[in-house]
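Engineer: what's the 3D shape of this:
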Amino acid sequence: MISGRRTFELAGRWQGDHHDGVPIFVLTHRADDGDVPPGHARFVTDVEECARRARAAAGDRPVMVHGAGAAQALLRAGHIDEMEIHLVQVLLGDGRRLFDHLGDRHIELDLVRRLDDRDVTHLRYRVRRPEEAA
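Structural biologist: Now for the predicted structure:
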């Protein structure tokens with residue numbers, strides 16, 4: 001699993017264990033020597049290294065990403081294959097926007113699945129690679 005630093009801190013560092021022992025790679029701008037994350041969490045400051053380590057740890061399983069900042073960095077670097085968005089009928093006035101800071105690159109998505117529930121719409125998109133863009 002990859003988490004952004006802000007999400008990691010807001011979640012109380014998940015007490016070092018988010019999904020029964022799954023390694024947590026926390027993508028952060030800086031890691032202080034004295035700040036050692038708990039349990040299965042590790043700080044990583046380079047987006048390429050973070051993606052590589054998470055994929056290696058996951059093996060043939062998917063890598064989950066938590067946090068808009070981490071998702072933006074991974075999307076800009078071309079390391080997001082699919083996005084699952086849970087659209088809830090609430091407007092929040094604060095927080096980090098998922099699609100900010102993507103630069104001027106045009107990113108195309110293909111809808112893979114849509115599930116409508118009473119209070120939430122689940123959307124899954126495949127990120128189209130530049131060579132696939134029309």
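
Engineer: quick check on the closest residue to Arg30 other than its chain neighbours: phi, psi?
Structural biologist: Distance criterion C-beta to C-beta, 6 or more residues apart in numbering; nearest residue to Arg30, sequence neighbours excluded, is Thr45 at 6.4 Å. All C-beta spots, glycine's among them, are computed from the backbone N, C-alpha and C. Thr45 adopts backbone torsions of phi -100, psi -10, taken as degrees, to the nearest 10.

Engineer: Thr45: how many residues sit nearby?
Structural biologist: A count of neighbours around Thr45, defined by other C-beta atoms under 10 Å, yields 13.

Engineer: swap in Arg61?
Structural biologist: 9.

Engineer: helix, strand, or coil at it?
Structural biologist: At Arg61 the chain is in coil, as set by DSSP: H, G, I helix; E, B strand; the rest coil.

Engineer: who's in contact with the residue nearest to Arg30?
Structural biologist: 27-31 (C-beta atoms under 8 Å, 6 or more residues apart in numbering).

Engineer: looking at those residues, which has the most residues close by?
Structural biologist: Neighbour counts for the contacts of Thr45 peak at Leu27, which has 26 neighbours (criterion: other C-beta under 10 Å).

Engineer: hey, what's that residue bridged with?
Structural biologist: Judged by DSSP bridges, the bridge partners of Leu27 are Gly4, Val44.

Engineer: isn't it up against Glu48?
Structural biologist: No: assessed by C-beta atoms under 8 Å, Leu27 is found out of contact with Glu48, at 10.7 Å.
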